[in-house]
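Engineer: Got a predicted structure here, sequence first:
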Amino acid sequence: MARACLAGLFAAVLAGVPAAAFDRAAIAGEACAGATGMTEAANALVVGLPAASREDAAWAATLTGAAIDRALKCGAGGAAIETPRGSVNAATLQPGASGDGAAPVLSLKNRPLFETARAAATLLSGATAGERGAALGVLERRAGALPPELFERAAETETDAGLKERIAAVRQAALLNSPDIAKRVAAVERIAATADRRSLTQIAGLKADPAYGKDRGFKAAVDAGVASIERRLALSNALNTLYNGLSFASILFMASAGLAIIFGLMGVINLAQGEFIMIGAYVTYAVQEALRAAAPGLLDAYLIVAIPIVFLTTAGVGVVLEATLVRRLYTRPLMTLLATWAVSLLIVNLVRVGVGTQNLQFVTPSWMSGGRLLTGDFIVTWNRLFAIVFSGFTLALTWLVLKRTPLGLNIRAVTQNRAMAGCVGIATRQVDMMAFGLGSGLAGLAGLALCPIYSVNPQMGSNFIVDSFMVVVLGGVGTLAGTVIASLGVGQINVLIEPLYGAVAAKVIVLLMIIAFLQWRPEGLYAVKGRRR
């Protein structure tokens, strides 16, 4: 009922009836004239606000706030407002009024009207952007019953760019209910240009409007708007899936690349590879805390500073592990598997005892916060983009090491034929140690990339070890290109299946698909030269 009353008054304004200046005394008197008078007072305030001065808007906010908070008093001497400094006249806000009257009670019909009037007045006169933003939040839910001129006036006077953009969006929602069909059609077209689910809900809801069945132009605009938004949302959903899958594949590649090198070179199934990921994340946290204490100005760059430290630390741990344990078990694959599993348990429990089991809290650098909306609901988030770019950087450096350095040449030679490589003078044991360190360092970098987007705790590595082995086996043991392709495939398929069937079912389905593929091609996507027979 209140909405219909407001809509009727606003229709008169939109039809060109000039808004009268506020008669403060008359409106204050109506606020004390019972339920009917309070309805007229609230409606008069909202209808007059688009043309009101800032002072009148501030007065309207004060009056409506007093009525809602029961600080408005209606006595024999007229309407007064109680304030901490005493009573003031409700029309002039001057002190000296008698505040001994009774406070009028807002009915269930009038309370929403007064809340709307207060929010509209605050939007025009609020002292801070926060106050005006909160008022706009109230009006957003009732935009269809408000005059678009209110939001035009607010947008003209608003100084905050973000809030101004929000006001413009609410104005479009208000125009959707304009009595002028041409304005409604124009509003539909402008809202359809912003292809998100809120816009789709707004425009699709117009199919229940009487004008949809009566006006062909309006119907065509609504149908075209809905179709346009649905197409762009379908595209944004596909881009979201691709982007999330690419970010997951990036992490998976860095976790698997080192494993592929170690497994392909030495035939060692390193079950501690997941713990090297965890070590990398914890070293990153240590760098963050060290910078926080020693150089707070550099805290925003802690991820960049941590890159060489993380790589060298985890590579060093890998070299120590290879020299003290793994080297003695090369001819006993099962014992190697059990030994690295025991090492993974040891590392996890050492971290639990030394640091704790809680998730570590990382600072999100300012350059990694937020994202950019490209189309529909597709947002490129900077933290995932960092993981993708960092993975590409890691891939490029790994390729350069393997293809353009003596170490890479030796690794490829030993991988293809260990005995022949030894015969031509290559120190195979030293190559094994360096390759194990390289593979461990790559896993540590994966932990660094995970810090902004993943929970860091002692168990985090175990969540990647199974996927990493699947990538290595699918791509082909010891091949960088196979690891890249397999990471992309496993990452995208996981992201596609997980929303439909859940995380566990997604891993099972991916595993079954890999098993079926290996039945056809046991050596994986790519086979290292010299291994295929």
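Structural biologist: Good, I have the coordinates.

Engineer: and residue 70, that's in a helix?
Structural biologist: No. Per DSSP: H, G, I helix; E, B strand; the rest coil, residue 70 lies outside any helix segment and is coil.

Engineer: Tell me if I'm right that it and residue 103 touch.
Structural biologist: Yes. Contact criterion CB atoms under 8 Å: residue 70 and residue 103 qualify, at 4.2 Å. For the C-beta atoms, the positions are set from N, CA and C on the backbone; glycine is no exception.

Engineer: These two: which is more packed in?
Structural biologist: A count of neighbours by other CB atoms under 10 Å puts residue 103 above the other of residue 70 and residue 103, at 16 against 13.

Engineer: what residues are up against the more buried one?
Structural biologist: By CB atoms under 8 Å, 6 or more residues apart in numbering, residue 103 lies in contact with 70-74.

Engineer: If any of these are buried, put those into a PyMOL selection.
Structural biologist: Remark: buried members of the contacts of residue 103, expressed as a PyMOL selection using 16 or more other CB atoms under 10 Å:
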select buried, resi 71+72+73+74
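
Engineer: would you turn the contacts of residue 103 into TSV with distance to residue 169 and pLDDT?
Structural biologist: Formatted as TSV, these follow (distance: CB to CB, whole Å; pLDDT from 0 to 100):
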residue	distance to residue 169	pLDDT
70	34	87
71	34	87
72	33	87
73	39	86
74	39	86
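
Engineer: Could you tell me the end-to-end distance of stretch 373-393?
Structural biologist: Stretch 373-393 stretches 25 Å from its first residue to its last (CA to CA, to the nearest Å).

Engineer: Contacts for it, please.
Structural biologist: Counting by CB under 8 Å, 6+ apart, 195-197, 229, 232-233, 235-237, 239-240, 243-244, 246-247, 250-251, 253-254, 303, 364, 367-372, 445, 448-450, 452-453 sit against stretch 373-393.

Engineer: Now for this protein, the helix or strand with the poorest mean pLDDT.
Structural biologist: helix 2-14 (a mean of 43; mean pLDDT, DSSP states H and E).

Engineer: what's downstream of that helix, the next helix or strand?
Structural biologist: helix 24-31 (DSSP states H and E).

Engineer: Give the other helices and strands that that next one contacts.
Structural biologist: On a contact count with 3 or more CB pairs under 8 Å, 6 or more residues apart in numbering; DSSP states H and E, helix 24-31 meets helix 34-48, helix 54-68, strand 78-83.

Engineer: Which helix or strand lies directly C-terminal to the second one?
Structural biologist: The helix or strand immediately downstream of helix 54-68 is strand 72-75, counting by DSSP H and E.

Engineer: contacts for that following strand?
Structural biologist: Contacts for strand 72-75 (CB under 8 Å, 6+ apart): 31-32, 63, 66, 79-82, 87, 90, 98-104.

Engineer: Filter those down to the buried ones.
Structural biologist: Here, 16+ other CB under 10 Å leaves 31-32, 63, 66, 79-82, 87, 90, 99, 101, 103-104 buried among those.

Engineer: can you put the residues you listed in CSV and add pLDDT and distance to residue 43?
Structural biologist: What follows is the buried ones among the contacts of strand 72-75, written out as CSV (pLDDT from 0 to 100; distance: CB to CB, whole Å):
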residue, pLDDT, distance to residue 43
31, 86, 12
32, 86, 16
63, 88, 14
66, 88, 18
79, 84, 17
80, 85, 23
81, 86, 20
82, 86, 25
87, 83, 26
90, 81, 18
99, 62, 26
101, 78, 23
103, 85, 21
104, 85, 16
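
Engineer: pLDDT weak spots in the chain?
Structural biologist: Regions of the chain meeting the criterion pLDDT under 70 cover residues 1-21, 97-99, 144, 477-478, 527-533.

Engineer: Need the outlier residue of it, farthest from its centre.
Structural biologist: residue 76 (57.6 Å; CA atoms, centre = their mean).

Engineer: Return the residues in contact with the residue nearest to it when sequence neighbours are not counted.
Structural biologist: Spatial nearest neighbour of residue 76, excluding adjacent residues (CB to CB, 6 or more residues apart in numbering): residue 101 at 7.2 Å. Residue 101 sits next to 32, 73-77, 79-80 when contact means CB under 8 Å, 6+ apart.

Engineer: hmm, 7 Å instead?
Structural biologist: For residue 101, the contacting residues are 73-75, 80, by CB atoms under 7 Å, 6 or more residues apart in numbering.

Engineer: Determine the longest helix present in this structure.
Structural biologist: When the chain is parsed with DSSP state H, its longest helix is helix 216-266.

Engineer: how far off helix 216-266 does whichever helix or strand comes after that one point, in degrees?
Structural biologist: Sequence order places helix 273-294 as the next helix or strand after helix 216-266, per DSSP H and E. Going by axes from the mean of the first three to the mean of the last three CA atoms, to 10 degrees, helix 273-294 is angled at 110 degrees with respect to helix 216-266.

Engineer: in helix 273-294, what's buried?
Structural biologist: By neighbour count on 16+ other CB under 10 Å, the buried set for helix 273-294 is 273-288, 291.

Engineer: so what does that helix touch, helix or strand wise?
Structural biologist: Applying 3 or more CB pairs under 7 Å, 6 or more residues apart in numbering; DSSP states H and E, one finds that helix 273-294 makes contact with helix 216-266, helix 302-324, helix 333-354, helix 428-450, helix 462-475.

Engineer: Identify the residue spatially nearest to residue 41, adjacent ones excluded.
Structural biologist: residue 30 (3.9 Å).

Engineer: For the stretch 51-200 of the chain, just list every one of the helices.
Structural biologist: 54-68, 110-125, 129-140, 148-157, 161-175, 181-192, 197-204 (DSSP state H, counting those that start in this stretch).

Engineer: Quick one, which of the ones you listed gets closest to residue 295.
Structural biologist: With CB to CB, the closest approach to residue 295 among the helices of the stretch 51-200 of the chain belongs to helix 161-175: 32.5 Å.

Engineer: List the contacts of that closest one.
Structural biologist: In contact with helix 161-175 (CB under 7 Å, 6+ apart) are residues 129, 132-133, 136, 139-140, 143-144, 146-148, 151-152, 154-155, 158, 183-184, 187, 190-191, 202.

Engineer: of those residues, buried ones?
Structural biologist: Here, 16+ other CB under 10 Å leaves 132-133, 136, 139-140, 143-144, 146-148, 151-152, 154-155, 158, 183-184, 187, 190-191, 202 buried among these.

Engineer: if we can go back for a sec, of the contacts of residue 103, closest to residue 113?
Structural biologist: For the contacts of residue 103, the nearest to residue 113 is residue 72 (14.5 Å; CB to CB).

Engineer: Residues in a beta bridge with that closest one, which ones?
Structural biologist: residue 81 (DSSP bridges).

Engineer: Show me what the helix or strand hosting residue 499 packs onto, helices and strands only.
Structural biologist: Here residue 499, judged by DSSP H and E, is contained in helix 480-501. With contacts defined as 3+ CB pairs under 7 Å, 6+ apart, the packing partners of helix 480-501 are helix 216-266, helix 382-404, helix 462-475, helix 503-520.

Engineer: looking at the ones you listed, which is closest to residue 322?
Structural biologist: helix 216-266 (8.6 Å).

Engineer: The closest one to helix 181-192, inter-axis angle?
Structural biologist: Relative orientation of helix 216-266 with respect to helix 181-192: 0 degrees, computed using the same axes, to 10 degrees.

Engineer: tell me the angle helix 216-266 makes with helix 197-204.
Structural biologist: Using the same axes, to 10 degrees: helix 216-266 against helix 197-204 is 150 degrees.

Engineer: can you give me how far helix 216-266 is from the chain middle?
Structural biologist: Helix 216-266 sits 14 Å away from the centroid of its parent chain (CA atoms, centre = their mean, to the nearest Å).
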